[in-house]
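Novice: Return atomic coordinates for the entry below.
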Amino acid sequence: MFSVGELMQKDLPKRKKIRLQNYDYSSAGAYFITICTKDMRKIFGVVENVPLSSAIVGANCVRPMLSKIGMVAEKEIHTLSNVYGSVKVDKYVIMPNHIHFLISIIYDDNDGGRTKFAPTISRVMKQFKGSITKQIGMPIWQRSFYDHIIRDEDDYLTIWRYIDENPIRCADDCDYIK
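Specialist: Got it, this is the predicted structure:
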């Protein structure tokens, strides 16, 4: 005979492990992180074609126009380095329903021998999401996040360009343009 718990576990799909096994996510290095809103709700703003300065006649750029929730998220991005001294947000973009980060964890070897707190990427993202949830008064996040460990300078530059160009790719999908 099976217990109710055993029967329920048998029927549930196994959640895919999305973190690299045996990797220390508090290691110094660079990480590409993507977090999404629950049900991919477009609550951070919209992507619009915006004319650049009149000095560049006819030129347009595509950029996200942030909502109030998007502005809360952007403010929180700027505070991450204050919360975790070893964490630096090198690049980010807030899209209507997700945020991309290029984050570096850097340790200073000249700290006088003090014990260092080594936050994991999971801890940083949990704090980030939790702070925004608390500030706006409602849960908005999809569970977990996507990560990619940056392996070398070419990888870093590819991710940097991807983040830069994300609003342009988004604008190609007319569903995003207001």
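
Novice: By residue count, tell me the biggest helix in this structure.
Specialist: If you go by DSSP state H, the chain has its longest helix at helix 153-171.

Novice: Could you list every helix and strand in contact with that helix?
Specialist: Based on contacts counted as 3 or more Cβ pairs under 8 Å, 6 or more residues apart in numbering; DSSP states H and E, the elements that helix 153-171 packs against are strand 29-36, strand 45-51, strand 60-66, strand 87-94, strand 98-105. Backbone N, C-alpha and C define where each C-beta goes, glycine included.

Novice: Swap in 10 Å and give it another go.
Specialist: For helix 153-171, the elements it packs on are strand 29-36, strand 45-51, strand 60-66, strand 87-94, strand 98-105, strand 146-149, judged by 3 or more Cβ pairs under 10 Å, 6 or more residues apart in numbering; DSSP states H and E.

Novice: Give the rounded mean pLDDT of the fifth one.
Specialist: Which is strand 98-105. Regarding strand 98-105, the rounded mean pLDDT is 94.

Novice: Return the alpha-carbon coordinates of it using CSV.
Specialist: Only the C-alpha atoms of strand 98-105 are listed here, as CSV (Å, rounded to 0.1, in the frame of the first residue of the first chain):
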residue,chain,number,x,y,z
HIS,A,98,11.4,40.5,-17.4
ILE,A,99,14.7,42.0,-16.3
HIS,A,100,18.2,41.0,-17.6
PHE,A,101,21.2,41.6,-15.4
LEU,A,102,24.9,41.3,-16.0
ILE,A,103,26.2,40.9,-12.4
SER,A,104,29.8,40.6,-11.2
ILE,A,105,30.8,39.3,-7.8
